[in-house]
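Enquirer: Predicted model, plus sequence, below.
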Amino acid sequence: MLDEIQTKIEEEISSLMHELNVELPAHIKVAMEHGDLRENAEFKAAKERQAFVEARLGHLTTRMIELSKIDLSDLAYDRVGFGSRVNIYDVELGEDFTFTITAGDFIDLDAGQVSLESPIGRGLLGAKEGEDVTVQLPTGERLYKVLAVSTLPQQLED
């Protein structure tokens with residue numbers, strides 16, 4: 001899982017670096033050729049995009065540093081945490097869901113991934129198999145029963 005996240009971040013960093021160093025300078029140069037920069041919407045848009053790309057690169061670089069500091073031996077073997085595959089039963093809906101707890105802003109609901117920073121991720125953190133957990137969602141409290149937990153250390157053993 002760590003490798004997958006790092007690969008996605010590295011791909012995004014590579015793409016943003018290309019945009020920052022190749023595409024944006026070309027857009028800025030063309031916009032500058034149009035004259036008065038105070039009223040030049042193309043120039044303003046390119047500069048705003050440049051600022052966004054630089055900020056995003058800073059954020060992604062920080063995420064890579066955080067990921068490199070994760071020590072798998074520190075992760076719980078029997079409780080929900082980063083990288084855990086969790087199967088829960090939603091008591092109110094009468095349905096069960098399976099997802100993987102991911103780091104920070106790495107979210108892909110279609111692939112069954114929920115961020116550790118999300119309400120569900122935070123609410124389930126530290127839960128054990130068989131426990132009932134009340135999670136505070138934006139729509140109110142929701143009761144879940146943890147049906148199964150496969151932690152990252154367990155997955156790496158398999």
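Expert: Received the coordinates, thanks.
Enquirer: Looking at this protein, which helix is longest?
Expert: helix 41-68 (DSSP state H).
Enquirer: Now the element after that helix, going C-ward?
Expert: strand 85-90 (DSSP states H and E).
Enquirer: what comes into contact with that following strand?
Expert: 80, 95-101, 124, 133, 142-150, 155 (C-beta atoms under 8 Å, 6 or more residues apart in numbering). C-beta coordinates here come from the backbone N, C-alpha and C atoms, glycine included.
Enquirer: Could you pull up the mean pLDDT of the helix or strand following it?
Expert: Along the chain past strand 85-90, the next helix or strand (assigned with DSSP H and E) turns out to be strand 95-102. Averaging pLDDT along strand 95-102 gives 89.
Enquirer: ok, and for strand 95-102, which residues are buried?
Expert: Neighbour counts over strand 95-102 (16 or more other C-beta atoms under 10 Å) mark 99-102 as buried.
Enquirer: the inter-axis angle of that strand versus strand 85-90?
Expert: 150 degrees (axes from the mean of the first three to the mean of the last three C-alpha atoms, to 10 degrees).
Enquirer: Which strands or helices does the very next helix or strand once past strand 95-102 pack on?
Expert: Next in sequence after strand 95-102, counting helices and strands by DSSP H and E, comes strand 113-115. Strand 113-115 makes packing contacts with strand 95-102, helix 119-124 when contacts are defined by 3 or more C-beta pairs under 8 Å, 6 or more residues apart in numbering; DSSP states H and E.
Enquirer: got a list of what the residue lying closest to Ile88 once chain neighbours are set aside touches?
Expert: Nearest non-adjacent residue to Ile88, counting by C-beta to C-beta, 6 or more residues apart in numbering: Tyr144, 4.3 Å away. The contact partners of Tyr144, taken as C-beta under 8 Å, 6+ apart, are 88-91, 123-124, 132-135.
Enquirer: Among the residues you listed, the buried ones, what's the ChimeraX command?
Expert: The buried residues among the contacts of Tyr144 can be selected in ChimeraX (16+ other C-beta under 10 Å) with this line:
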select :88,123,124,133,135
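Enquirer: Dump the contacts of Tyr144 to JSON lines, plus pLDDT.
Expert: Output for the contacts of Tyr144, formatted as JSON lines (pLDDT from 0 to 100):
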{"residue": "Ile88", "pLDDT": "94"}
{"residue": "Tyr89", "pLDDT": "95"}
{"residue": "Asp90", "pLDDT": "93"}
{"residue": "Val91", "pLDDT": "92"}
{"residue": "Gly123", "pLDDT": "91"}
{"residue": "Leu124", "pLDDT": "92"}
{"residue": "Asp132", "pLDDT": "95"}
{"residue": "Val133", "pLDDT": "95"}
{"residue": "Thr134", "pLDDT": "94"}
{"residue": "Val135", "pLDDT": "92"}
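Enquirer: With that, I have no additional questions.
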